[in-house]
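In: next comes the sequence, and after it the predicted model I'd like to discuss.
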Amino acid sequence: MSELFSKKNKDTFSIPLGKNNPITVQVLGICSALAVTAKLAPAIVMGLSVMVIVAFANVIISLMRDTIPTRIRIIVQLVVVATLVTIVSEVLKAFAYDVSVQLSVYVGLIITNCILMGRLEAFAMSNGPWESFWDGLGNGLGYAKILIIVAFVRELFGSGTLLGYNILNYECIKSTGYLNNGLMLMPPMALIIIACIVWYQRSRDKELQENS
Amino acid sequence: MEHLFSLFIRSIFVDNMIFAFFLGMCSYLAVSKNLKTAIGLGIAVTFVLVVTLPVNYILQTKVLDANGIFGIDLSFLSFILFIAVIAAITQLVEMAVEKFSPSLYNSLGIFLPLIAVNCAIMGASLFMQQRITKSPADPQAITSVTDSIVYALGSGVGWMFAIVGLAAIREKMAYSDVPAPLRGLGITFITVGLMAMAFMCFSGLKL
C-alpha cells in the first residue's frame, strides 16, 4: 500500500496544481475556462466533471496503451473520452438539470478540451494506470482551481452574489456609491482575469517567464 | 436568400467563435505567432468546418432525430457520432491535401491532424444541433443543408479573421517592451480580451 502513495505519485498529483498548472502554464483547455465562469455554480460543476473525466480517461487509456496502434490512437482516445463525456452529460441532465442548461454546449465540448488530449498523449500513453489516475486527478483539480478563482471574482464583482447568495447587493453598500461592474459578466473580462493570474504566478516564479 | 446573408454575417461578427464563445482557443493561442501559418490554419479550419457541418446536419436530422430512420430519439449518441465524423473527415482531408498539394501539406504540418480536436469544429456542430429546433423565422435558425454550409463558412471565416488579426498584432508586439512576467501568454490574453471587447460592439447588430 505504501508504494501506491509514494512520493512520486504525490508529486504527479500536486505539481499540476501550481507549477505545471494546465491552464496558466501548459495553456490547455482555455475555451471552457473562459466561457463557463460568469457564475460560480456552473464553474464548480464544470471543474468536477473535467476532473472525473480526465482521471478515468487516463486510467482507461493507460490500461489499453499497449494494444492501441499508433496511427489511429487519436480516434481511440476520442472515442473513450466521448463515451465518458456522454455518461457525465446524461448524469448532469438527470441530477442537475439547471446547471446542465447553463453549461449548454460546453459539457459536450469537454471532448475537445485540450487538457484531455494533452494528458492522454503526454502521460497516460507511457505510464501505468495508478500514476495516470493521480496525474488526471491533479490536472483536473488544477483546472478546477483556476475556474473557481475566475468565477469567484466575476460573480462577486459582476452580480454581487456568490453561488446565488446575496453578498454585496445591500442598501448600506449601495448607498456608498458602489455599483456592480457589468463588464465582469462579459466574456472579455475572463481573459483579463486569467491574464492577471498568469502575471501574479509568473512574477512569483521567475522560472516560468518567457523570453520572447 | 436574406436569411442566408444574415446568418453568414451574424456568424462572422456577432457569434464569432473566438470572441463570443472562446472556441478553438488552444490552437488560436499556440499558432498565432506567425501571420503565414495563421492564415494557413484559418483556411484549413474553415475547410473542415464547411465539410463536416452538412454531414453532421444530415446525421442529426435523418439518423439521430426522433423522426429519423430509426424512429427513436438517439441524440445522446450525438457526441460520439459527431466527433467520429470530424476525426474521419480530418483524416481524409489530410490524405487528400498530402496527395494533391504537398507544398500546402508541408506548410500546415502538425496543425492538420490537430484540427480534429479543435473545439471550434465540435462547437459549431453542437450549436447547430441546438439551432435546428428554432423556428425558421429566427435569424439564428439552421433548417436546411444550405443553412448549415453557410453557417460553417461564416464561423470559419470569423475564426480566421480572429487568428489573422491576433497574429498581426503579435508580430508587431515583438518590438515592444512588455513587463517580464506578462511576456508571451499574459500579454496575449490581454490582447485577446481587448479584441473581444472591440468585437462586442457588433453584438447589437440586426440585419
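Out: In hand now; what should we look at?
In: which non-adjacent residue is nearest residue 75?
Out: Reading this off chain A. residue B:87 (5.0 Å; C-beta to C-beta, 6 or more residues apart in numbering or on different chains). Using the backbone N, CA and C atoms, a C-beta is placed for each residue, glycine as well.
In: you looked at the wrong chain, it should be chain B
Out: Take residue B:75 and drop its neighbours on the chain: the residue closest to it by C-beta to C-beta, 6+ apart is residue B:64, 5.2 Å away.
In: my guess is the one you found contacts residue B:79. True?
Out: No. Here residue B:64 does not reach residue B:79: they are 10.7 Å apart, not a contact under C-beta atoms under 8 Å.
In: and the helices in chain A?
Out: Per DSSP state H, chain A carries helices over the ranges A:7-14, A:30-35, A:40-64, A:73-95, A:97-103, A:105-108, A:114-122, A:129-159, A:171-174, A:187-204.
In: and the second one, what other elements does it pack with?
Out: The elements that helix A:30-35 packs onto, with contact taken as 3 or more C-beta pairs under 8 Å, 6 or more residues apart in numbering or on different chains; DSSP states H and E, are helix A:105-108, helix A:129-159, helix A:187-204, helix B:25-31, helix B:119-131.
In: where in chain B is pLDDT low?
Out: Along chain B, the model assigns pLDDT under 70 to residues B:107-111, B:207.
In: what's the longest helix in it?
Out: As assigned by DSSP H, the longest helix anywhere in chain B is helix B:145-173.
In: next, the angle helix B:119-131 makes with that helix.
Out: Interaxial angle of helix B:145-173 relative to helix B:119-131 (axes from the mean of the first three to the mean of the last three C-alpha atoms, to 10 degrees): 150 degrees.
In: got JSON lines for the helices and strands packed on helix A:30-35, with distance to residue B:72 and mean neighbour count too?
Out: As requested, the helices and strands packed on helix A:30-35 are arranged in JSON lines below (distance: least, C-beta to C-beta, whole Å; neighbours: other C-beta atoms under 10 Å in any protein chain shown):
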{"stretch": "helix A:105-108", "distance to residue B:72": "20", "mean neighbour count": "24"}
{"stretch": "helix A:129-159", "distance to residue B:72": "34", "mean neighbour count": "22"}
{"stretch": "helix A:187-204", "distance to residue B:72": "37", "mean neighbour count": "20"}
{"stretch": "helix B:25-31", "distance to residue B:72": "36", "mean neighbour count": "22"}
{"stretch": "helix B:119-131", "distance to residue B:72": "17", "mean neighbour count": "25"}
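In: that older thread, the longest helix of chain B vs chain A: in contact?
Out: No. Using C-beta under 8 Å from any C-beta of the partner chain, helix B:145-173 stays clear of chain A, with a minimum separation of 9.7 Å.
In: center of chain B - which residue?
Out: Centroid-nearest residue in chain B, with C-alpha atoms, centre = their mean: residue B:120, separated by 3.9 Å.
In: and that residue, what does it touch?
Out: Taking C-beta atoms under 8 Å, 6 or more residues apart in numbering or on different chains as the criterion, residue B:120 is in contact with B:17, B:18, B:23, B:24, B:45, B:49, B:155, B:159.
In: please identify which of these is nearest to chain A.
Out: In terms of C-beta to the nearest C-beta, no member of the contacts of residue B:120 lies closer to chain A than residue B:23, at 5.4 Å.
In: now do the contacts for that closest one.
Out: Counting by C-beta under 8 Å, 6+ apart, residue B:23 touches A:31, A:109, B:17, B:119, B:120, B:123, B:124.
In: ok so it is a strand residue?
Out: No. Under DSSP: H, G, I helix; E, B strand; the rest coil, residue B:23 falls outside any strand and is assigned coil.
In: what segments of chain B are helices?
Out: All helices of chain B, identified by DSSP H, fall at B:2-9, B:25-31, B:35-59, B:78-100, B:102-108, B:111-114, B:119-131, B:145-173, B:185-199.
In: want to try CSV for the ones you listed, with distance to residue A:171 as columns?
Out: CSV is the format used below for the helices of chain B (distance: least, C-beta to C-beta, whole Å):
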stretch, distance to residue A:171
helix B:2-9, 45
helix B:25-31, 41
helix B:35-59, 51
helix B:78-100, 47
helix B:102-108, 59
helix B:111-114, 53
helix B:119-131, 40
helix B:145-173, 43
helix B:185-199, 32
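In: tell me which of those helices sits nearest to residue A:80.
Out: Nearest to residue A:80, of all the helices of chain B, is helix B:78-100, at 10.3 Å by C-beta to C-beta.
In: outside of that closest one, which residues touch it?
Out: Outside of helix B:78-100, the residues within contact range by C-beta under 8 Å, 6+ apart are A:74-75, A:78-79, A:82-83, A:85-86, A:89, A:108, A:111-112, B:44, B:47-48, B:51-52, B:55-56, B:59-60, B:63-64, B:104-105, B:108, B:112-113, B:115-116, B:121-122, B:125-126, B:129.
In: give me the angle between that helix and helix A:73-95.
Out: Taking the same axes, to 10 degrees, one finds that helix B:78-100 is oriented at 160 degrees with respect to helix A:73-95.
In: so which bits of helix B:78-100 are buried?
Out: B:78-83, B:85-87, B:89-91, B:93-94, B:97 (16 or more other C-beta atoms under 10 Å in any protein chain shown).
In: out of the residues you listed, flag the one nearest to residue A:60.
Out: Lowest distance from residue A:60 to those (C-beta to C-beta) belongs to residue B:80, with 14.8 Å.
In: please see if stretch A:88-95 touches chain B.
Out: Yes. Applying C-beta under 8 Å from any C-beta, one finds stretch A:88-95 touching chain B at A:89, A:90.
In: how about residue B:12, what does it touch?
Out: B:154, B:155, B:157, B:158, B:161.
In: how much space between the most centrally placed residue in chain A and residue B:122?
Out: With distances taken as C-alpha atoms, centre = their mean, residue A:143 lies nearest the centre of chain A, 2.9 Å away. The gap separating residue A:143 from residue B:122 is 18 Å, by C-beta to C-beta, to the nearest Å.
In: then residue A:8?
Out: 35 Å.
In: then residue A:105?
Out: 9 Å.
In: do the same with residue B:106
Out: Residue B:106 is 27 Å from residue B:122, by C-beta to C-beta.
In: same deal with residue B:45?
Out: Counting by C-beta to C-beta, the separation of residue B:45 from residue B:122 is 12 Å.
In: could you do residue B:151 as well?
Out: According to C-beta to C-beta, residue B:151 stands 14 Å off from residue B:122.
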